[in-house]
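Asker: Predicted coordinates and the sequence they were generated for:
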Amino acid sequence: RLSARQKQVILSNFLAVTDDVSEKDALMFLQKHGWNLELAMNVYFENPYQLAKSKVSKAKIDALFEKYKDSSETEPLITETGFDEFINDLGISEDDLVQFVFA
C-alpha cells in the first residue's frame with residue numbers, strides 16, 4: 001500500500017509529462033490504474049485525448065447540420081447545394097476550396 005507522500009510523487013510525475021490534464025482527472029486516472037505510473041503513462045500516451053475536456057457541442061453540430069441539410073432528400077444529408085452554402089458562409093471561394101480541404 002502506498003503512502004500519501006508516494007501517491008503525491010506519482011501524481012506530480014504524471015502531471016509533469018502530460019499536457020492539459022487537471023489534477024482531479026489525473027488522480028482518477030492513476031487510481032483506475034492502481035497507482036502504477038508506468039502503466040498509467042502508457043495508457044495515457046496511447047490516447048492522450050481521453051483525459052482532455054471536450055469542447056464539442058452536439059447541439060451546435062446538429063444545428064449546423066440542420067441549417068445545411070437538403071430537406072428534399074429522403075435521408076438526412078448535406079448535398080452539393082448545402083455544401084456550397086456552407087463554404088460561402090465561411091467566406092471561402094471555390095478557388096480556395098482545395099486549401100480549405102487540406103488545412
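Answerer: Noted; the coordinates are in hand. Residues are numbered from 1 along each chain as shown.
Asker: for stretch 5-16, what is the average pLDDT?
Answerer: Stretch 5-16 carries an average pLDDT of 91.
Asker: what's in contact with that stretch?
Answerer: Contacting residues not belonging to stretch 5-16 are listed as 2, 21, 23, 26-27, 29-30, 35, 37, 40-41, 44 [C-beta atoms under 8 Å, 6 or more residues apart in numbering]. The C-beta positions use only the backbone N, C-alpha and C, and glycine is treated the same way.
Asker: For it, which residues meet the burial criterion?
Answerer: For stretch 5-16, a neighbour-count test (16 or more other C-beta atoms under 10 Å) marks 10-11, 14-15 as buried.
Asker: next one: that stretch to chain centre, how far?
Answerer: Chain-centre distance of stretch 5-16: 25 Å, with C-alpha atoms, centre = their mean, to the nearest Å.
Asker: so what's Trp53 scoring on pLDDT?
Answerer: Careful, residue 53 is Lys and not Trp. In this model, Lys53 is scored at 59, pLDDT.
Asker: Pretty sure Phe65 sits against Phe83.
Answerer: No: counting by C-beta atoms under 8 Å, Phe65 stays clear of Phe83, with 11.8 Å between them.
Asker: Could I get the phi/psi values of Asn47?
Answerer: phi -150, psi 80 (degrees, to the nearest 10).
Asker: List the contacts of it.
Answerer: Neighbours of Asn47 in contact, by C-beta under 8 Å, 6+ apart: none.
Asker: Distance of it relative to Ala26?
Answerer: Separation of Asn47 from Ala26 (C-beta to C-beta, to the nearest Å) stands at 15 Å.
Asker: Where does the nearest residue to Glu94 once chain neighbours are set aside fall, secondary structure wise?
Answerer: Excluding the flanking residues, the one nearest Glu94 by C-beta to C-beta, 6 or more residues apart in numbering is Ile87, at 7.7 Å. According to DSSP states H and E, Ile87 maps onto helix 80-89.
Asker: Could you pull out the buried residues of that helix?
Answerer: 82, 87.
Asker: helices or strands up against that helix?
Answerer: Judged by 3 or more C-beta pairs under 8 Å, 6 or more residues apart in numbering; DSSP states H and E, helix 80-89 is in contact with helix 58-68.
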